[in-house]
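Engineer: Structure for this input, please:
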Amino acid sequence: MLLTIDVGNTQTTLGLFDGEEIVEHWRISTDPRRTADELAVLMQGLMGSHPLASEGRVDGLAICSSVPAVLHELREVTRRYYGDVPAVIVEPGVKTGVHVLMDNPKEVGADRIVNALAANHLYGGPCIVVDFGTATTFDAINERGDYIGGAIAPGIEISVEALGVRGAQLRKIELTRPRNVIGKNTVEGMQSGILYGFAGQVDGLVARMSKELATDPEDVQVIATGGLAPLVLGEAEAIDVHEPWLTLIGLRLVYERNKPS
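Structural biologist: Below you'll find the model as predicted:
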């Protein structure tokens with residue numbers, strides 16, 4: 001059993017693999033204040049709900065993190081609680097098989113490289129990964145599987161919170177589909193602007209990136225992932241496939257490339 005952990009700025013996703021199959025997954029809030037002991041108790045409590053994990057059969061760990069403070073504590077978790085279990089942390093020096101063709105490859109988040117690996121493994125290139133997280137990121141992978149760059153936009157929740165804070169007569173709203181595009185009240189108007197505005201952003205950016213990525217833009221596969229992807233799936237016409245556990249699958253692939261023989 002392999003336990004994969006993807007630490008995002010807002011949420012942390014954990015996935016349990018039995019071979020190539022993900023058999024259980026959890027999503028928790030990311031809190032940089034949690035200590036290694038608190039993280040260990042939380043992880044063991046979650047895994048205790050699955051019969052295979054509760055038997056202590058976890059024999060590998062694969063981790064990537066966008067939050068340095070949490071990564072520091074997870075290193076301590078692996079040392080104190082899983083000292084006899086091989087652990088792979090995605091960082092410089094770890095083999096991913098992805099060539100990063102950026103001005104400064106070290107600037108690229110580990111999760112984006114892991115996503116590129118998984119997307120190319122599952123669907124081949126050229127492709128674009130749209131990750132709906134704290135930020136909405138667009139990552140371009142060419143036909144050889146190289147990561148060639150991308151775009152970063154404010155995430156859906158960030159935009160909703162900003163409207164509530166900066167708009168004198170606006171407030172935080174539920175992220176759900178309104179009755180109509182033309183809202184009949186303030187809440188529906190905000191919901192429409194967020195949902196259809198982000199769908200238009202995805203379609204527009206993907207169309208422009210596809211023209212740069214491939215001779216025929218129709219050859220580009222577009223994969224959506226991230227916790228907020230389901231909100232936009234039915235409205236963004238550019239998305240070809242939804243892969244909710246793309247990062248966890250990529251972590252499994254990285255672990256297989258780096259685990260001790």
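
Engineer: per-residue pLDDT, P68?
Structural biologist: Here, the pLDDT recorded for P68 equals 92.

Engineer: How about I156, nearest residue that isn't a chain neighbour?
Structural biologist: Closest residue to I156 apart from its sequence neighbours, by CB to CB, 6 or more residues apart in numbering: L228 at 5.0 Å. In short, each C-beta sits where N, CA and C put it, glycine included.

Engineer: Hmm, that neighbour is touching S159, no?
Structural biologist: No. Counting by CB atoms under 8 Å, L228 stays clear of S159, with 10.8 Å between them.

Engineer: tally of neighbours for L46?
Structural biologist: 17 (other CB atoms under 10 Å).

Engineer: How are the strands of the stretch 51-200 of the chain distributed by residue range?
Structural biologist: Read by DSSP state E, counting those that start in this stretch, the stretch 51-200 of the chain holds these strands, from start to end of the chain: 60-65, 87-89, 127-132, 135-141, 147-154.

Engineer: Can you say which of those is packed in most?
Structural biologist: Ranked by mean neighbour count under mean count of other CB atoms under 10 Å, those are led by strand 127-132, which reaches a mean of 26.

Engineer: can you give me how far that strand is from the chain middle?
Structural biologist: Averaging C-alpha coordinates over strand 127-132 and over its chain gives two centres that are 9 Å apart (CA atoms, centre = their mean, to the nearest Å).

Engineer: In terms of secondary structure, what does that strand contact?
Structural biologist: Packed against strand 127-132, as judged by 3 or more CB pairs under 8 Å, 6 or more residues apart in numbering; DSSP states H and E, are the following elements: helix 110-123, strand 135-141, helix 186-213, strand 221-225, helix 229-233, helix 246-258.

Engineer: which other residues reach that strand?
Structural biologist: 111-112, 115-116, 119-120, 136-141, 155-156, 202, 206, 209-210, 213, 220-229, 231-232, 236, 239, 246-247 (CB atoms under 8 Å, 6 or more residues apart in numbering).

Engineer: Of all the helices and strands packed on strand 127-132, which one comes closest to T176?
Structural biologist: Of all the helices and strands packed on strand 127-132, helix 186-213 sits nearest to T176, with 6.4 Å by CB to CB.

Engineer: In the closest one, which of the residues would be classed as buried?
Structural biologist: 188-196, 198-199, 201-203, 205-206, 209-210, 213 (16 or more other CB atoms under 10 Å).

Engineer: ditto for stretch 237-256
Structural biologist: Of all the residues in stretch 237-256, those buried under the rule 16+ other CB under 10 Å are 238-239, 243-255.

Engineer: Identify the residue nearest G133 in space, chain neighbours excluded?
Structural biologist: In space, not counting the residues next to it along the chain, G133 is nearest to G226; the distance is 4.6 Å by CB to CB, 6+ apart.

Engineer: residue contacts, the one you found?
Structural biologist: Applying CB under 8 Å, 6+ apart, we find G226 in contact with 130-133, 136.

Engineer: go with 10 Å
Structural biologist: Taking CB atoms under 10 Å, 6 or more residues apart in numbering as the contact definition, G226 lies against 8, 11, 13, 111, 115, 129-137, 155-156, 232, 242-244, 246-247.

Engineer: what bits of the protein have low per-residue confidence?
Structural biologist: Low-confidence regions of the chain, defined by pLDDT under 70, span residues 52-56, 164-174, 261.

Engineer: My guess is P105 contacts H99. True?
Structural biologist: Yes. The pair P105 and H99 qualifies as a contact (CB atoms under 10 Å) at a distance of 8.8 Å.

Engineer: so what sits against both of these two?
Structural biologist: Between them, P105 and H99 share the neighbouring residues Y147, with contact defined by CB under 10 Å, 6+ apart.

Engineer: just so I know, which of the helices and strands packed on strand 127-132 lies nearest G19?
Structural biologist: Closest to G19 of the helices and strands packed on strand 127-132, according to CB to CB: helix 246-258, at 9.3 Å.
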